[in-house]
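Chemist: Return a 3D structure for these sequence lines:
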Amino acid sequence: MNGRRILLAVSGGIAAYKVPELVRALDRAGCTVRCALTEAATRFVSPLVLQTLTREPVRLDLLDPGEEGQIGHIDLADQADAVVVAPATAHVLARMATGLADDLVTTLLLATRAPVLVAPAMNVNMWEHPATRANVATLAARGVHFVGPDAGALACGWEGAGRMAEPEAIAAALALLLGPASLAGERVVVTAGGTREPIDAVRAIVNRSSGKMGFALAAEAARRGADVVLVAGPTALPTPAGVRRVDVETALEMREAVRAELSPASVVVMAAAVADFRPAARIPGKLKKEDLPEDAGLELALVRNPDILAELARERGARVVVGFAAESEDVIPAARRKLARKGCDLLVANDVSRSDAGFESDQNAVALLAPDGDVEELPLLPKREVAVRIWDRIEKLLGARRA
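Modeler: This next block holds a predicted model:
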């Protein structure tokens with residue numbers, strides 16, 4: 001969103017205390033932010049704070065002589081690449097739905113032709129009231145976009161839906177809204193994280209994969225307009241905006257979940273670290289040390305898990321299938337051999353012996369290998385930037401295949 005001009009309209013609700021952090025999130029994303037506040041909003045968040053954070057004047061009054069010489073509110077509406085209403089109270093939603101323009105914020109919302117993203121915040125009973133639901137439906141039918149509200153403890157003491165979405169979630173939803181749409185109409189399946197193969201009721205065979213690379217790939221595909229399904233192994237990572245998530249535990253469950261989503265998919269990215277083996281039989285209950293002879297070891301019989309990537313590559317048809325290779329030595333030669341065995345369209349190889357990249361890190365240094373022998377080595381980058389480079393390459397593959 002670098003260089004995007006965002007108009008942030010703030011209404012009078014307790015959730016306005018989150019607005020400075022929202023400004024900071026948009027600023028980190030490279031946006032230029034201008035703020036317009038209702039009169040009630042000034043009782044919850046200081047205009048001076050927002051002016052300091054945005055480095056731009058804050059607009060409060062529709063009839064401000066200092067701003068309206070050139071019909072400033074129309075300029076604000078025209079210049080915005082997007083308008084974010086956060087928090088959006090029930091009152092503001094009602095005024096938007098009926099087309100009122102009786103203060104600066106509602107006038108801007110009526111005058112803008114930019115996409116509008118609304119983050120509602122109110123008491124749960126107000127959110128669930130038929131009048132509010134009708135107003136939301138009306139606005140959605142007109143093309144207004146919504147993020148949240150979240151459910152949880154509310155400032156009024158009630159529990160339920162009504163909390164304003166967190167600033168990072170609002171910024172992520174805005175990034176989706178302003179994305180390039182280069183993957184619009186594409187169905188994408190991404191796998192992420194490691195699988196967990198149970199030994200008994202409490203123990204399992206696991207690996208160190210955090211899922212961060214796969215989640216970054218899913219987020220970037222969604223930002224480009226794809227319909228994204230993320231099949232995730234056990235992880236506490238939050239679901240990226242605009243992504244439908246399917247949680248699994250074992251390799252067999254991952255295989256089943258991917259196959260269930262495969263039919264309409266044009267791209268499959270197997271970024272998950274799938275266990276090669278699983279215990280031949282799960283031990284019922286918990287295996288206790290005292291049940292074993294003293295100083296006795298424990299032998300596990302393992303069986304091979306299905307090779308999901310190779311299966312998908314064999315059956316890909318017109319799909320683009322991308323695999324990952326985690327190597328600890330001779331990375332490129334080992335990845336070339338894996339690419340030949342798997343038969344996928346692109347293989348992403350990374351050196352998991354590095355302490356500054358790979359598993360559990362926010363950075364990665366990868367090489368992209370193609371079946372024709374081409375190798376593109378990327379420098380150490382944040383995983384979100386690695387995801388951008390990978391999707392750039394996948395889009396070229398999609399274009400070439402269709403041509």
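Chemist: C-alpha from now on. contacts and neighbour counts both.
Modeler: Noted.
Chemist: List of residues touching the biggest helix by length in the chain?
Modeler: Determined from DSSP state H, the single longest helix within the chain is helix 383-402. With contact meaning CA atoms under 8 Å, 6 or more residues apart in numbering, helix 383-402 is reached by 183, 212-213, 216-217, 220-221, 318, 320, 362-366, 368, 378.
Chemist: what's the answer for stretch 162-170, then?
Modeler: 15, 18-19, 21-22, 25, 86-87, 119-124, 127, 147-154, 241.
Chemist: hmm, 6 Å instead?
Modeler: Residues outside stretch 162-170 that contact it (CA atoms under 6 Å, 6 or more residues apart in numbering): 22, 119-124, 148-151.
Chemist: And the average pLDDT for it is what?
Modeler: Averaging pLDDT along stretch 162-170 gives 92.
Chemist: Buried residues in it, which are they?
Modeler: For stretch 162-170, the neighbour count (16 or more other CA atoms under 10 Å) marks 162-167, 169-170 as buried.
Chemist: Please state the backbone phi and psi of Ala77?
Modeler: With angles defined as degrees, to the nearest 10, Ala77 sits at phi -70, psi -40.
Chemist: Could you measure from the residue nearest to it when sequence neighbours are not counted over to Val136?
Modeler: Distances taken as CA to CA, 6 or more residues apart in numbering place Thr112 nearest to Ala77, at 4.5 Å, with adjacent residues excluded. Look at Thr112 and Val136: by CA to CA, to the nearest Å, they are 19 Å apart.
Chemist: next one: Glu249
Modeler: Taken as CA to CA, the span from Glu249 to Val136 is 37 Å.
Chemist: Give me the spatial nearest neighbour of Val33, chain neighbours excluded.
Modeler: Nearest one to Val33, counting by CA to CA, 6+ apart, is Ile6 at 4.8 Å.
Chemist: So that neighbour, which state does it fall into?
Modeler: Secondary structure, DSSP: H, G, I helix; E, B strand; the rest coil: Ile6 is strand.
Chemist: what's near enough to touch it?
Modeler: Going by CA under 6 Å, 6+ apart, Ile6 touches 33, 80-83.
Chemist: now with 8 Å?
Modeler: Ile6 touches 31-34, 80-84, counting by CA under 8 Å, 6+ apart.
Chemist: Export those residues as JSON lines, with columns for pLDDT, neighbour count and secondary structure.
Modeler: Shown next, in JSON lines, are those (pLDDT from 0 to 100; neighbours: other CA atoms under 10 Å; DSSP: H, G, I helix; E, B strand; the rest coil):
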{"residue": "Cys31", "pLDDT": "91", "neighbour count": "20", "secondary structure": "coil"}
{"residue": "Thr32", "pLDDT": "90", "neighbour count": "21", "secondary structure": "strand"}
{"residue": "Val33", "pLDDT": "92", "neighbour count": "25", "secondary structure": "strand"}
{"residue": "Arg34", "pLDDT": "92", "neighbour count": "22", "secondary structure": "strand"}
{"residue": "Ala80", "pLDDT": "87", "neighbour count": "21", "secondary structure": "coil"}
{"residue": "Asp81", "pLDDT": "89", "neighbour count": "19", "secondary structure": "coil"}
{"residue": "Ala82", "pLDDT": "91", "neighbour count": "21", "secondary structure": "strand"}
{"residue": "Val83", "pLDDT": "94", "neighbour count": "26", "secondary structure": "strand"}
{"residue": "Val84", "pLDDT": "95", "neighbour count": "24", "secondary structure": "strand"}
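Chemist: nearest to Ala325, of those?
Modeler: Cys31 (35.7 Å; CA to CA).
Chemist: related to what we said a few turns ago, with neighbour numbers in mind, choose between Glu249 and Val136.
Modeler: Neighbour count, other CA atoms under 10 Å: between Glu249 and Val136, Val136 has more, with 23 against 18.
Chemist: Just the pLDDT for the nearest residue to that one once chain neighbours are set aside.
Modeler: In space, Val136 comes closest to Leu93 once its chain neighbours are excluded; the distance is 7.1 Å by CA to CA, 6+ apart. pLDDT for Leu93: 96.
Chemist: Around Leu230, count how many other residues there are.
Modeler: By the criterion of other CA under 10 Å, Leu230 has 26 neighbours.
Chemist: Could you give the bridge partners of it?
Modeler: Beta-bridge partners of Leu230, counted by DSSP bridges, are Val190, Arg245.
Chemist: Please name the residues that touch it.
Modeler: Counting by CA under 8 Å, 6+ apart, Leu230 has contacts 189-192, 215, 218, 243-246.
Chemist: Buried only: go through the residues you listed for me.
Modeler: 189-192, 215, 218, 243, 245-246.
Chemist: next one: the longest helix of the chain to chain centre, how far?
Modeler: Distance, stretch centre to chain centre, for helix 383-402: 17 Å (CA atoms, centre = their mean, to the nearest Å).
Chemist: What mean pLDDT does that helix get?
Modeler: 90.
Chemist: residues of that helix that come out buried?
Modeler: For helix 383-402, burial by neighbour count (16+ other CA under 10 Å) applies to 383-388, 390-391, 394, 397-398.
Chemist: Same check on stretch 15-35?
Modeler: By neighbour count with 16+ other CA under 10 Å, stretch 15-35 contains the buried residues 15-16, 18-27, 29, 31-35.
Chemist: what stretches of the protein score poorly on pLDDT?
Modeler: Applying pLDDT under 70 to the chain flags the ranges 63-73, 357-358.
Chemist: can you pull the contacts of Lys338?
Modeler: Ala325.
Chemist: For it, what is the enclosing helix or strand?
Modeler: In this structure, Lys338 sits in helix 331-342 according to DSSP states H and E.
Chemist: could you show me where the strands are in the stretch 51-200 of the chain, in order?
Modeler: Secondary structure of the stretch 51-200 of the chain (DSSP state E, counting those that start in this stretch): strands at 82-88, 116-120, 145-146, 150-153, 159-163, 187-192, 197-198.
Chemist: closest one to Ser328 among the ones you listed?
Modeler: Among the strands of the stretch 51-200 of the chain, strand 187-192 sits nearest to Ser328 (CA to CA), with 19.6 Å.
Chemist: how close does Met254 sit to Val274?
Modeler: In terms of CA to CA, Met254 sits 8 Å off from Val274.
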